[in-house]
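K.L.:
Mind folding the following:
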Amino acid sequence: MSAGRRLEPTEISAHEYMSLMQRWISDKIDDVKLFPTDPSTVSFAPNASYVSATVLSVPESEDWVGRRSGFPKEFASTCRTIFLQMFRVYAHLYWSHLVDPFYHLNLEKQLNSCFSHFILTATSLDLLCAEDLKPVQQLVDLWAANGTFPPGSKAYSLAHVQSGEQLMQCGLEV
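P.N.:
Below is the predicted model:
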């Protein structure tokens, strides 16, 4: 793993990486400053006093996703980082463990279901982009071609459907 250009990369096992990542995500989700839980601070009604007094008087440059409900400015970027970390775990599972244990235990359909829903959600919320999907591009292509991703979805638009169709013609199924 790497922590930037100035620091030496540190190799850690996938298990250790996943444990650290899980702990980091849990800490973020449990942080009430990042994920507010006080219902009195939530404002979703267009005529709420918070909206008229605060949001409407704020210049557009000072507005951000979740501001109206008390989420901090870094909320969207933190969510993207969380999704990137989770994506890396999925990519590792496909690259290193699809056959053993998932296929051998007849669990590949459950993995595919979870991951395809993850991709559909992450891409529709712009938490993952085309560049992020490169490690699993062939899988995205295949799922677009076989109908797992609906044609109107963002995930479908990020796929190379013709490549997926060629994979299907070769008899490849995941």
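
K.L.:
On the C-terminal side of the helix or strand of the chain with the lowest mean pLDDT, identify the next helix or strand.
P.N.:
None of the helices or strands of the chain scores lower by mean pLDDT, DSSP states H and E than helix 49-50, at a mean of 47. Using DSSP states H and E, the helix or strand that follows helix 49-50 towards the C-terminus is helix 75-97.

K.L.:
Please export the alpha-carbon coordinates of that next one; PDB is fine.
P.N.:
What follows is helix 75-97, C-alpha atoms only, in PDB (Å, rounded to 0.1, in the frame of the first residue of the first chain):
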ATOM      1  CA  PHE A  75     -19.300  14.700   3.200                       C
ATOM      2  CA  ALA A  76     -19.400  13.900  -0.500                       C
ATOM      3  CA  SER A  77     -15.600  13.400  -0.800                       C
ATOM      4  CA  THR A  78     -15.600  11.200   2.200                       C
ATOM      5  CA  CYS A  79     -18.400   9.000   0.800                       C
ATOM      6  CA  ARG A  80     -16.500   8.700  -2.400                       C
ATOM      7  CA  THR A  81     -13.400   7.600  -0.600                       C
ATOM      8  CA  ILE A  82     -15.500   5.000   1.400                       C
ATOM      9  CA  PHE A  83     -16.900   3.700  -1.900                       C
ATOM     10  CA  LEU A  84     -13.400   3.500  -3.500                       C
ATOM     11  CA  GLN A  85     -12.100   1.500  -0.500                       C
ATOM     12  CA  MET A  86     -15.100  -0.900  -0.700                       C
ATOM     13  CA  PHE A  87     -14.600  -1.200  -4.500                       C
ATOM     14  CA  ARG A  88     -10.900  -2.200  -4.000                       C
ATOM     15  CA  VAL A  89     -12.100  -5.000  -1.700                       C
ATOM     16  CA  TYR A  90     -14.600  -6.200  -4.300                       C
ATOM     17  CA  ALA A  91     -11.900  -6.000  -7.000                       C
ATOM     18  CA  HIS A  92      -9.600  -8.000  -4.900                       C
ATOM     19  CA  LEU A  93     -12.200 -10.700  -4.300                       C
ATOM     20  CA  TYR A  94     -12.800 -11.000  -8.000                       C
ATOM     21  CA  TRP A  95      -9.200 -11.100  -9.000                       C
ATOM     22  CA  SER A  96      -8.000 -13.400  -6.300                       C
ATOM     23  CA  HIS A  97     -10.900 -15.400  -4.800                       C
END
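
K.L.:
what's the average pLDDT for it?
P.N.:
In this model, helix 75-97 carries a mean pLDDT of 93.

K.L.:
what does it rub up against?
P.N.:
Applying CB atoms under 8 Å, 6 or more residues apart in numbering, the contact partners of helix 75-97 are 14, 17-18, 21, 24-25, 28, 34, 64-66, 102, 111, 115, 118, 122, 125, 127-128, 132, 135-136, 139. No exception for glycine: its C-beta is placed from N, CA and C like everyone else's.
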